[in-house]
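Colleague: how would this look folded up:
(one chain, ligands or ions: 2)
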Amino acid sequence: MEPVLTLKNVSFNYGGAWALRGIDFQVHSSEIVGILGPNGSGKTTLLKIMDGILIPQQGEVLVRGKSLLSLRRAEIAKEIAMVSQETHFRFEFSVLEVVLMGRFPHLGRLQFEGDRDMKVALNALEATHTRELAERSIHRISGGEKQRVLIARALAQEPKVILLDEPTSFLDLKYKREIFQLISSLSVDKGLAVILVTHDVDLSAQYCHRLVLLKSGEIFRAGDPASVITSANIQAVYECPVVVDSNPVTGKPRVNLVK
Ligand code: ADP
Ligand code: MG
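Modeller: Ligands and ions are numbered 1, 2, ... in the order given. All right, here's what the predicted structure looks like:
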């Protein structure tokens with residue numbers, strides 16, 4: 001099967017040192033890939049390159065075999081949707097209005113949303129369990145609710161790939177679990193490829209099919225959770241003493257700080 005998104009030998013710098021070097025990466029439909037790594041290791045930069053917001057100086061990014069460079073912004077947005085880390089709204093948009101914004105790549109210039117756009121937006125609210133929030137102000141809902149609404153907006157783009165930058169930071173355990181379960185169901189029900197950046201190592205080991213561990217802008221390890229989340233790898237990358245054992249219920253790797 002052809003990958004939905006491919007990065008070939010991608011390197012990027014912001015003008016100084018390389019923020020990313022020699023990144024090779026592929027993701028297929030229905031796959032959930034977690035990107036891990038310390039602060040400053042290049043995770044957000046990598047997502048922005050995957051979304052075509054940043055253009056690498058070396059290497060190339062292909063979506064379903066086509067270079068991102070050959071596609072216009074709206075064409076990219078029909079394939080790839082990004083849920084950024086901190087999304088702020090200057091105005092008191094309703095939740096429904098925010099989700100309808102996701103339809104922009106499908107609308108012509110100066111064209112208003114039609115019945116089909118509304119239907120897609122309502123389905124996105126349904127899929128993220130936010131339908132009852134539709135009329136609420138985006139400024140007056142909880143962090144967990146807002147995260148689900150932002151995922152709904154991304155779904156409204158009807159993408160093949162969804163990129164999420166730390167979607168579970170600042171959420172309590174119940175909401176973290178909800179977001180991971182939502183991501184899982186999107187990959188199963190809609191065949192979406194999901195790439196998420198996260199510091200929730202244990203949860204990512206439970207829910208992701210594959211993990212990529214970044215260190216200083218390079219891939220330190222990539223593979224299934226058990227091969228990536230080892231004491232040696234975590235110590236080498238995060239520079240702190242840990243023991244990795246397994247979750248007694250799921251059997252997935254679990255990281256324990258020991259000092
Ligand atoms: P992460 O998301 O893993 O914390 P980033 O991708 O944000 O890491 O940053 C990777 C590196 O690129 C860091 O050294 C950071 O300082 C640098 N960087 C990030 N954004 C910019 C920017 N807009 N201009 C210059 N350097 C940046
Ligand atoms: Mg980041």
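Colleague: from here on, contacts and neighbour counts on C-alpha atoms
Modeller: OK.
Colleague: what's near enough to touch Ser246?
Modeller: Residues near Ser246 by Cα atoms under 8 Å, 6 or more residues apart in numbering: Lys252, Pro253, Arg254.
Colleague: burial check on Pro159, number of neighbours?
Modeller: 18 (other Cα atoms under 10 Å).
Colleague: around ligand 1, pick out the residues from this structure.
Modeller: Tyr14, Ala19, Asn39, Gly40, Ser41, Gly42, Lys43, Thr44, Thr45 (Cα under 6 Å from any ligand atom).
Colleague: which of the contacts of Ser246 ranks first by neighbour count?
Modeller: For the contacts of Ser246, neighbours tallied by other Cα under 10 Å; top is Pro253, 24 neighbours.
Colleague: and Gln57, how many neighbours does it have?
Modeller: Residues near Gln57, counting by other Cα under 10 Å: 12.
Colleague: quick check: closest non-adjacent residue to it.
Modeller: Take Gln57 and drop its neighbours on the chain: the residue closest to it by Cα to Cα, 6 or more residues apart in numbering is Phe12, 5.5 Å away.
Colleague: gap between that neighbour and Lys66?
Modeller: 20 Å (Cα to Cα, to the nearest Å).
Colleague: these two - which one has more neighbours?
Modeller: Higher neighbour count among Phe12 and Lys66: Phe12, with 24 against 14, using other Cα under 10 Å.
Colleague: just the buried residues of the helix or strand where that one lies, please?
Modeller: Using DSSP states H and E, Phe12 sits within strand 5-13. Going by neighbour count (16 or more other Cα atoms under 10 Å), the buried part of strand 5-13 is Leu5, Thr6, Leu7, Asn9, Val10, Ser11, Phe12, Asn13.
Colleague: do the same with stretch 80-92
Modeller: Ile80, Ala81, Met82, Val83, Ser84.
Colleague: show me which of these is closest to ligand 1.
Modeller: Each of the buried residues of stretch 80-92 was scored against ligand 1 by Cα to the nearest ligand atom, and Ser84 proved nearest at 10.9 Å.
Colleague: list the buried ones in stretch 99-112?
Modeller: Buried residues in stretch 99-112, counted by 16+ other Cα under 10 Å: Val99, Leu100, Met101, Gly102, Arg103, Phe104, Pro105, His106.
Colleague: let's have those in TSV, adding pLDDT and secondary structure.
Modeller: Formatted as TSV, these follow (pLDDT from 0 to 100; DSSP: H, G, I helix; E, B strand; the rest coil):
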residue	pLDDT	secondary structure
Val99	97	helix
Leu100	96	helix
Met101	95	helix
Gly102	96	coil
Arg103	96	coil
Phe104	93	helix
Pro105	94	helix
His106	94	helix
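Colleague: got a pLDDT number for the residue nearest to the spatial centre of the chain?
Modeller: Centroid check for the chain by Cα atoms, centre = their mean gives Leu164 as the closest residue, at 2.2 Å. Listed pLDDT for Leu164 reads 98.
Colleague: how about Phe112?
Modeller: 78.
Colleague: how far away is it from ligand 1?
Modeller: 34 Å (Cα to the nearest ligand atom, to the nearest Å).
Colleague: how close does that residue get to His106?
Modeller: 10 Å.
Colleague: contacting residues around Arg73?
Modeller: Per Cα under 8 Å, 6+ apart, neighbours of Arg73: Pro105.
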